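Q: Make a model of this:
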Amino acid sequence: MMQRQHGLRKTSHVYALLALFAVACESPTATRGTFAYDPTTLSRGLLYRWPSGSTIAVWVEVSASPEGPGPLSLALAVREGIASWNRVPLFAEYTLVQAASIADANIIVFDRATALPITPSFYAFDGQSAAGYTYFCPVGSSPTTAQRLTLASGAASQATVVIRVDRGRVTNQSGYSNLFAHELGHALGIGAHSDQALDVMFGSPLVGSPSKRDLQTLRYVLGQRADITL
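A: Numbering: from 1, shown residues only. As a prediction, this is how the structure comes out:
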């Protein structure tokens, strides 16, 4: 399994029980420069990403608690995050869209105040007390892929990644949007934190859009062979 989480400070932990995979999953899409920061420091040196040309559908689970008390909106944070990260690809490596239903989603997003929308019975999903948490579970080998999640209803899904955020750990909409944008960066292939505060992948995100360093790092990832295909 692969788990990515962080709190209000730069306190991320990754608990990964992964084999070291020697066979690459797919050919590079283009020749790229190097990264601005190593994109695999939280994934134990393993590089993961979506197949080139993917349309990645994001579902926001708000049915149990539409937006919760107060003015914070997860739906707004997701729309902003999708728009920001859609500016990264140079060769149409992916396109983020909002899913029409949870059954159609590739990424499922929910707030900690909302009931868990997936069934955790076959893997150790544990969000603990982190402000943000991104999870996928690698399975198989040669190539290695991410396992599809089972919905809370017991139904199968297209989703391989789940993002959980905690509105109780932020004070305003900007903070909520920053938090989600950061987690979406992890879901797209940055298995790392930046040490620069103006990067959205800084451990305690202060901005809501990827910086030039974030762009450079994800564009590097998009041009590499993946150890794990999402």
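
Q: name the element residue 83 belongs to?
A: helix 74-85 (DSSP states H and E).

Q: what's the offset of that helix from the middle of its chain?
A: 13 Å (C-alpha atoms, centre = their mean, to the nearest Å).

Q: Quick one: mean pLDDT over it.
A: When pLDDT is averaged over helix 74-85, the result is 97.

Q: Go through it and flag the buried ones.
A: Buried residues in helix 74-85, counting neighbours by 16 or more other C-beta atoms under 10 Å, are found at 74, 76, 77, 78, 79, 80, 81, 82, 84, 85. For the C-beta atoms, the positions are set from N, CA and C on the backbone; glycine is no exception.

Q: how far away is the third one from residue 114?
A: From residue 77 over to residue 114 the distance is 14 Å, taken as C-beta to C-beta, to the nearest Å.

Q: Now do the strands in this structure.
A: Assigned by DSSP state E, the chain shows strands spanning 2-6, 48-49, 54-61, 94-98, 107-111, 132-136, 138-139, 144-146, 161-165, 228-229.

Q: Which of the buried residues of helix 74-85 sits closest to residue 228?
A: When these are compared for distance to residue 228 (C-beta to C-beta), residue 85 comes out closest, at 19.1 Å.

Q: How far does stretch 61-72 stretch from one end to the other?
A: Stretch 61-72 has an end-to-end distance of 15 Å (C-alpha to C-alpha, to the nearest Å).

Q: do stretch 95-115 as well
A: End to end - C-alpha to C-alpha - stretch 95-115 spans 28 Å.

Q: Report the buried residues of it.
A: 96, 99, 102, 105-114.

Q: Including pLDDT and distance to residue 178, could those residues go into a markdown table?
A: Formatted as a markdown table, these follow (pLDDT from 0 to 100; distance: C-beta to C-beta, whole Å):
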| residue | pLDDT | distance to residue 178 |
| --- | --- | --- |
| 96 | 98 | 17 |
| 99 | 98 | 22 |
| 102 | 96 | 25 |
| 105 | 98 | 22 |
| 106 | 98 | 23 |
| 107 | 98 | 18 |
| 108 | 97 | 20 |
| 109 | 97 | 15 |
| 110 | 95 | 18 |
| 111 | 94 | 15 |
| 112 | 90 | 16 |
| 113 | 88 | 18 |
| 114 | 88 | 20 |
